[in-house]
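Asks: Sharing a sequence plus its predicted fold:
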Amino acid sequence: MPDSYEESSEHPREPLVLELNGTAASKMRFLCVSQRADWIGIALSTALSVLGILVVLFRLLRPVGIPSEQSVAVLPYPERPLGTPPSAPLAIHFFSPVMPPTYPTSLAPPSLDLTTTLSRPSPPHMPYLIPPPPSEQNVKADPDPPDNVTNRQDGCKAVCSNGGCMPTVYIIGSQKGGTTSLFDHLESKGFCGPRHNDGKESHYLMSTSEHPTRYGYTHIFPEHQCASGCWIDATPNDLPNWQSPITLTELTTPRERQLARFVVVLREPVARDLSWFNHRKSLGGCSYCGGVSGLSYPEYAQKQLRQYENCHPSLGISDARFEMCPPFGEGILYGAYWPQLRHWKKIMPESQFFIAQTEWMLHHDRDFKKQLYKFIGIEHAAVTPDFPHTNALAYPGKVSMSSLSCDLVHTLHDAWDPWNKKLFEEYPFLESKLWSLASLPCTSSG
Ligand SMILES: Nc1ncnc2c1ncn2[C@@H]1O[C@H](COP(=O)(O)OS(=O)(=O)O)[C@@H](OP(=O)(O)O)[C@H]1O
């Protein structure tokens, strides 16, 4: 048996049939490998050529306007806890996330009304409205921003890249909590809302948004279309929406998440629910108004109560109940703020939330504004008195709380009360008396 065997040029592909001892067999393996190398080489080079052609085709066919991969943050997807993610009623997807939307020219950026240079505060120290700072492991690392991001850290200015900006202020709730008046006020101070839809709410982060992308979201906030550079997304459906904070995490860089400030104004739940009922009634039929169609408020409320009582009552007042009975845009759990905030705070650092009651905001508007301005990085802005009163949506049949029977108002109050108690325990700076039974007007049956 020779030490080596070279393929004969005369019989290049004839199989070898040899009797081998152990040593020869081990050598023979190399011979076979070398014999097959040609085939493998041919296969590999063919595969590489095909791959090359595909890459060239892909780059040629990619539509103009889609960002390159480097401009899209690839971030870890937070694990979704037990239970299906709830949805919300405003199932509106406003534009294709693939191509940039067009913006109405009528939405000119408002002028900046800030008295001095804006400066972003270090994590806020406002004992009245802000919960204590989070533990260190709660605060996410802040690596260097990517090269193509304008690194503007001052004041409320957004981080912009590739022509779009990531807002730094989010009014996430509560729906019917006076968020439009609050937004209008901040707009009068130079903040800018999304350049689509109603100019206030993007509805982009909610579970109903199809294929949200960083590009699609930031281009609702186009660079150079806001004189102050301070962008807000004021979508109040985000607070009860399971998906919203998860999507926001997917679309943002760690730095952008660190700059984000979440403003939450919570309205007494019975009043909030009635306002949301009136809102849908006032529109006289709309894509998300089905829930109130043909129902009086007492009928609607009883229906919501029954659904709530039948949905995992054994889970009591718990996160699990909220997860298992997701509020699809209405009902008792839609006004249960405690588990909603807990979900958000599992994903975003606690120190970045500004939480207040609507009633407090309206009755202590100067104090509220001072604290809010500091929180969002415009502490030098002049505090102008009073909030505008917008979005009252008056219509002939508008139901007032004082016209409702005390039996109904008390029953509703009792349904929300244990959720409110949890909220007050977790945020002792909130005032339980503002939401007490005595604060709710009603008509006694006797
Ligand atoms: N300044 C002032 N004083 C008293 N009440 C006020 C004020 N600003 C807003 N509101 C009331 O807030 C309700 C609208 O809330 P939102 O703007 O958050 O609604 S929405 O979710 O954006 O549709 C809506 O409540 P209802 O009137 O009960 O429907 C508004 O009247």
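Replies: Arrived safely, thanks for sending. Residues are numbered from 1 along each chain as shown.

Asks: would you say Y170 is within a helix?
Replies: No. Counting by DSSP: H, G, I helix; E, B strand; the rest coil, Y170 falls outside a helix, being strand.

Asks: ok, now which ones touch it?
Replies: 232-235, 238, 248, 260-263 (CB atoms under 8 Å, 6 or more residues apart in numbering). Where you see a C-beta, it was placed from the backbone N, CA and C, and this is true even at glycine.

Asks: Around the ligand, which positions in the stretch 301-446 of the chain sit nearby?
Replies: For the stretch 301-446 of the chain, the contact set with the ligand under CB under 6 Å from any ligand atom comprises 362, 387, 389-393.

Asks: Now the buried members of those.
Replies: Among these, those scoring as buried are 362, 387 (criterion: 16 or more other CB atoms under 10 Å).

Asks: Helices - which of the residues of the stretch 301-446 of the chain next to the ligand land there?
Replies: With DSSP state H as the criterion, helices contain L362 from among those.

Asks: I'd like the residues of the stretch 301-446 of the chain next to the ligand as TSV, with pLDDT appended.
Replies: Shown next, in TSV, are those (pLDDT from 0 to 100):
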residue	pLDDT
L362	96
F387	88
H389	94
T390	92
N391	92
A392	93
L393	94
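
Asks: ok, of the residues of the stretch 301-446 of the chain next to the ligand, which one's closest to L51?
Replies: Closest approach between these and L51, by CB to CB: N391, at 55.7 Å.

Asks: If we ignore the residues flanking it in sequence, what's nearest the closest one?
Replies: Nearest residue to N391 in three dimensions, chain neighbours excluded: T180, at 3.9 Å (CB to CB, 6 or more residues apart in numbering).

Asks: wait, doesn't that neighbour sit right on H389?
Replies: No. Using CB atoms under 8 Å, T180 makes no contact with H389, being 9.6 Å away.

Asks: For the contacts of Y170, give me a markdown table that also has secondary structure.
Replies: Below are the contacts of Y170 laid out as a markdown table (three-state DSSP):
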| residue | secondary structure |
| --- | --- |
| I232 | strand |
| D233 | strand |
| A234 | coil |
| T235 | coil |
| D238 | helix |
| L248 | helix |
| A260 | coil |
| R261 | strand |
| F262 | strand |
| V263 | strand |
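
Asks: So what's the residue count around G163?
Replies: G163 has 15 neighbours, counted by other CB atoms under 10 Å.

Asks: Equivalent analysis for P428, please.
Replies: Using other CB under 10 Å as the criterion, P428 is surrounded by 10 other residues.

Asks: do the same with K370
Replies: Neighbours of K370 under the rule other CB under 10 Å: 15.

Asks: next one: S314
Replies: Taking other CB under 10 Å as the definition, S314 ends up with a neighbour count of 7.

Asks: Distance check, it against the ligand.
Replies: Relative to the ligand, S314 is positioned 32 Å away (CB to the nearest ligand atom, to the nearest Å).

Asks: Quick check: the gap between that residue and Y337.
Replies: Per CB to CB, to the nearest Å, S314 is found 22 Å from Y337.

Asks: do A381 as well
Replies: Taking CB to CB as the measure, A381 falls 28 Å from Y337.

Asks: Neighbour count: these two, which is higher?
Replies: The neighbour comparison of A381 against Y337 (other CB under 10 Å) goes to Y337, with 27 against 24.

Asks: ok, that one touching V265?
Replies: No. Using CB under 8 Å, Y337 makes no contact with V265, being 10.5 Å away.

Asks: which residues are in contact with both of these two?
Replies: 173-174.

Asks: of the contacts of Y170, list those near the ligand.
Replies: Applying CB under 6 Å from any ligand atom to the contacts of Y170, one finds that nothing falls near the ligand.

Asks: show me where the protein has helices.
Replies: 22-61, 179-188, 214-218, 243-251, 254-259, 269-283, 297-310, 319-324, 337-347, 358-363, 365-376, 406-426.

Asks: Of those helices, which stretch is the most buried?
Replies: Of all the helices of the chain, helix 214-218 has the most neighbours on average by mean count of other CB atoms under 10 Å, namely a mean of 24.

Asks: Restricting to C-alpha, output that helix in CSV.
Replies: Extracted in CSV, the C-alpha atoms of helix 214-218 (Å, rounded to 0.1, in the frame of the first residue of the first chain):
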residue,chain,number,x,y,z
ARG,A,214,-38.5,53.2,14.0
TYR,A,215,-38.5,54.9,10.7
GLY,A,216,-42.3,55.0,10.6
TYR,A,217,-42.6,56.4,14.1
THR,A,218,-39.9,59.0,14.0
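
Asks: Contact residues of the stretch 151-300 of the chain facing the ligand?
Replies: Residues of the stretch 151-300 of the chain lying near the ligand (CB under 6 Å from any ligand atom): 175-181, 236, 275, 278-279.

Asks: can you redo the residues you listed as JSON lines with pLDDT?
Replies: Shown next, in JSON lines, are these (pLDDT from 0 to 100):
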{"residue": "Q175", "pLDDT": "98"}
{"residue": "K176", "pLDDT": "98"}
{"residue": "G177", "pLDDT": "98"}
{"residue": "G178", "pLDDT": "98"}
{"residue": "T179", "pLDDT": "98"}
{"residue": "T180", "pLDDT": "97"}
{"residue": "S181", "pLDDT": "97"}
{"residue": "P236", "pLDDT": "98"}
{"residue": "S275", "pLDDT": "98"}
{"residue": "N278", "pLDDT": "97"}
{"residue": "H279", "pLDDT": "97"}
